[in-house]
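[1] 3D, please:
(chains A and B)
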Number of protein chains: 2
Amino acid sequence: MSAEKVPNMILVYDIVDDRKRAKIADACLDYGLDRIQFSAFVGWLTPSKQQELMVKIKRILGKSPGNVQLVPICADDWNRRKVIDQKERV
Amino acid sequence: MSAEKVPNMILVYDIVDDRKRAKIADACLDYGLDRIQFSAFVGWLTPSKQQELMVKIKRILGKSPGNVQLVPICADDWNRRKVIDQKERV
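    Next comes the predicted model:
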């Protein structure tokens, strides 16, 4: 993700198949998204790139069970998000 | 969630501790959110209720590691979301 750009979308998924889930994560990273959680990514993509990514994900998923949601997020909403982030103590 | 209301927020989490994750899921359901994935909920909450829920989640989490993100979503963005939903074939 370009450092200047506020994310304009969040993508979250539930994928049963480990191998397909890993390939879908790779696709998200290829599109420049940032991984904020194990199964959640954010980033800035044009609507056509968002569509393209969902088509790619659909192709990777094939007929396997899964739920993928891509939600556009405007800058106002992004700036009003609330985050709890606590790391594992080592 | 009230049937008339379009969701105005998404909440996603990565929680390591199984018991705490289950309690946080229960808190989300108590606030009327709908579970769209194992670790993702949507619903309609006022900003003060969103804040209240995050305080509750923080309290349940304690000092355990975890990442929780609550992102407001305006109706326009909600309506432009893209969903892939494929069930397990039985």
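
[2] what about the strands in chain A?
    Per DSSP state E, chain A carries strands over the ranges A:9-15, A:34-37, A:40-43, A:66-72, A:82-86.

[3] Which one of those lies nearest to residue A:51?
    Closest to residue A:51 of the strands of chain A, according to Cβ to Cβ: strand A:66-72, at 9.0 Å. Where you see a C-beta, it was placed from the backbone N, CA and C, and this is true even at glycine.

[4] Which neighbours in the sheet does that closest one have, and how are they oriented?
    When sheet partners are counted by DSSP bridges, strand A:66-72 sits next to strand A:9-15 (antiparallel), strand B:82-86 (antiparallel).

[5] between these, which one is nearest to residue A:25?
    Residue A:25 lies closest to strand A:9-15 among the strands paired with strand A:66-72, at 8.6 Å (Cβ to Cβ).

[6] Buried residues, that closest one. List them.
    A:9, A:10, A:11, A:12, A:13, A:14, A:15 (16 or more other Cβ atoms under 10 Å in any protein chain shown).

[7] What average pLDDT does that strand get?
    Predicted confidence along strand A:9-15 averages 97 (mean pLDDT).

[8] ok now that strand, how far from the chain's centre?
    In terms of Cα atoms, centre = their mean, to the nearest Å, the centre of strand A:9-15 is found 5 Å from the chain centre.

[9] Now do it: everything it contacts.
    For strand A:9-15, the surrounding residues in contact (Cβ atoms under 8 Å, 6 or more residues apart in numbering or on different chains) are A:21, A:24, A:28, A:33, A:36, A:39-45, A:50, A:53, A:57, A:61, A:64, A:66-73, B:10, B:12, B:37-40, B:71.

[10] so how far is residue A:66 from the nearest residue to residue A:65 once chain neighbours are set aside?
    With sequence-adjacent residues excluded and distances taken as Cβ to Cβ, 6 or more residues apart in numbering or on different chains, residue A:65 is closest to residue B:88, at 4.2 Å. Residue B:88 is 9 Å from residue A:66, where distance means Cβ to Cβ, to the nearest Å.

[11] got the contact list for the helix ranked longest in chain A?
    In chain A, with assignment by DSSP state H, the single longest helix is helix A:47-61. Residues from elsewhere that reach helix A:47-61, judged by Cβ under 8 Å, 6+ apart: A:9, A:11, A:13, A:15, A:20, A:23-24, A:27-28, A:31, A:45, A:68, A:70, A:72, B:80, B:82, B:84, B:86.

[12] Just the buried positions in it, please.
    Those would be A:50, A:53, A:54, A:56, A:57, A:60, A:61, for helix A:47-61 by 16+ other Cβ under 10 Å.

[13] ok, so of those, who is nearest chain B?
    Closest approach to chain B among the buried residues of helix A:47-61 (Cβ to the nearest Cβ): residue A:54, at 5.0 Å.
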